[in-house]
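[1] make a model of this:
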Amino acid sequence: MSQHDPQLISQTRNSGLGEVPFEASSMFYSRTDERGVIIEGNSIFRRISGYGWAELKGAPHKIIRHPDMPKGVFHLYWERLKNGQQVAAYVKNRAKDGRHYWVLAIAWPIAGGYLSVRVKPHTQLFAQVRELYAELRQAELEEGVTPAKSAEMLQARLAEQGFEHYEAFMAGALSLELEERARRMGVPLDQRQQRFLTMVRTIAQIKQETDEMTEVIKAIRTVPMNMRILASRLENAGGPISAISVNYGSMLDEMASWVRGFVEGRDSTYVRMRETIQRGQFLMAAAIMQREMSSLFEEDMKGAPDTSALVEDRMTLQSQATAFSTLAGEALKVVETEATRLGRSVLDMKRYVTGLSSTRMMCKIESAALSGSGDSLSGIVDQLDAGQDEIEARLAKIVELNTVIQSNTAMLRAIT
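    Here you go, the predicted structure:
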């Protein structure tokens with residue numbers, strides 16, 4: 001800042017076109033009041049934006065807003081902040097000379113205003129978002145789309161890309177960018193972030209396994225019908241087979257209901273696990289950024305005649321990192337509870353599978369007792385064998401994946 005280091009010389013800028021270069025290791029912050037007026041910031045913020053501190057202090061943060069940015073992004077951004085929520089977004093800024101620079105910004109409310117920390121984005125997700133922003137901005141300019149509608153369109157498009165809601169997008173974007181940033185800097189990824197990444201990817205695998213199980217159940221849903229057809233052909237001798245088909249169909253219905261109950265609805269075990277893991281992932285990644293940012297104040301403080309504001313901001317970042325880590329720990333407790341519930345729920349599903357085993361055995365007995373039609377029943381038994389084997393394999397995989405989540409949860413709770 002000019003009052004901190006008045007001898008600072010601006011970057012040489014050859015034109016108003018192109019992008020302002022800065023390293024992956026760069027991290028900068030700003031603090032604003034509740035209206036978005038800049039109160040504090042570090043020298044990297046000033047250097048990249050090209051403004052002197054006298055120009056930034058007291059100016060609205062939109063002084064660096066780029067006209068390419070969709071208004072819908074800022075609508076969503078400020079709606080979350082005003083509601084007391086944290087927010088993360090990719091933002092294209094405009095430097096003083098007209099060049100641009102992209103950041104992934106996280107911001108959150110503090111007493112009297114807001115704090116924001118930014119890093120340079122590099123991921124494929126970032127590339128996809130840039131294309132989405134261009135489409136949204138075009139719609140705003142050419143079709144008169146309002147900021148509120150643009151924000152809705154943004155969230156709908158992100159949902160199409162697999163992010164169920166904006167919170168999921170924030171967690172994914174922040175985590176992926178910090179992972180790529182560590183790779184580019186040649187430093188190991190923070191083990192807490194690594195464990196959350198593992199959990200996010202594991203819960204996605206659990207969903208895949210349940211989806212595959214649903215398909216297996218659908219595929220063998222024709223078995224009871226085939227059994228009834230066979231029973232009708234056998235007339236009186238088909239009575240036991242008809243009874244078996246009814247029992248088998250009932251068990252398949254119960255299994256399908258179990259899968260639906262596990263994955264569908266906001267209150268399902270899967271959704272609670274997934275959303276709580278994502279919440280913890282975002283909070284932990286934000287805490288890691290806050291803590292790193294708080295360690296980068298020394299250079300700014302060296303030439304500052306008055307370091308009181310910088311000291312205050314550094315302490316705020318440290319306290320916020322602790323608070324965010326605590327909230328992440330509370331999310332882990334919920335994950336732990338839901339993982340335990342999932343383990344018990346799988347036992348219920350295994351009881352249904354045991355029932356299938358009994359049905360399969362009864363079919364084998366009937367097949368051996370029948371002459372002439374036994375081959376048809378043997379074909380049905382083969383279907384039962386294949387279906388049950390795959391369901392058992394999927395359940396075993398879910399148990400294995402759930403154990404991965406439980407072990408990572410326990411390790412995270414131990415170190416947060």
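[2] so where's the stretch 151-300 of the chain shaky on pLDDT?
    Of all residues in the stretch 151-300 of the chain, those with pLDDT under 70 make up the ranges 224-242.
[3] just the stretch 301-416 of the chain next, same as before
    Regions of the stretch 301-416 of the chain meeting the criterion pLDDT under 70 cover residues 359-360, 362-378.
[4] so which other helices or strands are in contact with the helix of greatest length in the chain?
    Looking across the chain with DSSP state H, the single longest helix is helix 308-369. Here helix 308-369 touches strand 27-33, strand 38-41, strand 100-110, strand 113-119, helix 239-263, helix 269-294, helix 298-302, helix 374-415, going by 3 or more Cβ pairs under 8 Å, 6 or more residues apart in numbering; DSSP states H and E. Where you see a C-beta, it was placed from the backbone N, CA and C, and this is true even at glycine.
[5] can you list the strands that the fourth one pairs with?
    The partner list of strand 113-119 in its sheet, established with DSSP bridges, is strand 27-33 (antiparallel), strand 100-110 (antiparallel).
[6] try the shortest one
    Its sheet considered, strand 38-41 pairs with strand 27-33 (antiparallel) by DSSP bridges.
[7] may I see the buried residues of the partner strand?
    Of the residues in strand 27-33, those scored as buried under the neighbour-count criterion (16 or more other Cβ atoms under 10 Å) are M27, F28, Y29, S30, R31, T32.
[8] and that strand with helix 269-294, angle?
    Orientation of strand 27-33 against helix 269-294 (axes from the mean of the first three to the mean of the last three Cα atoms, to 10 degrees) gives an angle of 100 degrees.
[9] so the residue most central in space within the chain is in which element?
    In the chain, the residue lying closest to the centroid (Cα atoms, centre = their mean) is A168, at 3.7 Å. Of the helices and strands defined by DSSP states H and E, A168 is found in helix 166-185.
[10] mean pLDDT for the strands paired with strand 113-119 - can I get that in TSV?
    Output for those, formatted as TSV (pLDDT from 0 to 100):
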stretch	mean pLDDT
strand 27-33	96
strand 100-110	98
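[11] so which of those strands comes closest to T123?
    Of all these, it is strand 100-110 that lies closest to T123, at 9.0 Å by Cβ to Cβ.
[12] quick one: distance of that closest one to the chain centre.
    On the basis of Cα atoms, centre = their mean, to the nearest Å, the separation between the geometric centre of strand 100-110 and that of its chain is 18 Å.
[13] with stretch 149-156 instead?
    Averaged C-alpha coordinates place stretch 149-156 at 18 Å from its chain's average position (Cα atoms, centre = their mean).
[14] K397: neighbour count?
    16 (other Cβ atoms under 10 Å).
[15] sorry, slip of the keys, the one I care about is Y133.
    Neighbour count of Y133, defined by other Cβ under 10 Å: 21.
[16] got it, and A286?
    Other residues lying near A286 total 26 when counted by other Cβ under 10 Å.
[17] extract the C-alpha trace of stretch 404-416 and format it as PDB.
    This file holds the C-alpha atoms of stretch 404-416, laid out as PDB (Å, rounded to 0.1, in the frame of the first residue of the first chain):
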ATOM      1  CA  VAL A 404     -12.700 -45.500   3.300                       C
ATOM      2  CA  ILE A 405     -15.000 -42.600   4.300                       C
ATOM      3  CA  GLN A 406     -15.000 -43.700   7.900                       C
ATOM      4  CA  SER A 407     -11.200 -44.000   8.100                       C
ATOM      5  CA  ASN A 408     -10.700 -40.600   6.500                       C
ATOM      6  CA  THR A 409     -13.300 -39.100   8.700                       C
ATOM      7  CA  ALA A 410     -11.600 -40.400  11.800                       C
ATOM      8  CA  MET A 411      -8.100 -39.200  10.600                       C
ATOM      9  CA  LEU A 412      -9.500 -35.700   9.800                       C
ATOM     10  CA  ARG A 413     -11.200 -35.400  13.200                       C
ATOM     11  CA  ALA A 414      -7.900 -36.300  14.800                       C
ATOM     12  CA  ILE A 415      -6.000 -33.500  13.100                       C
ATOM     13  CA  THR A 416      -8.600 -30.700  12.800                       C
END
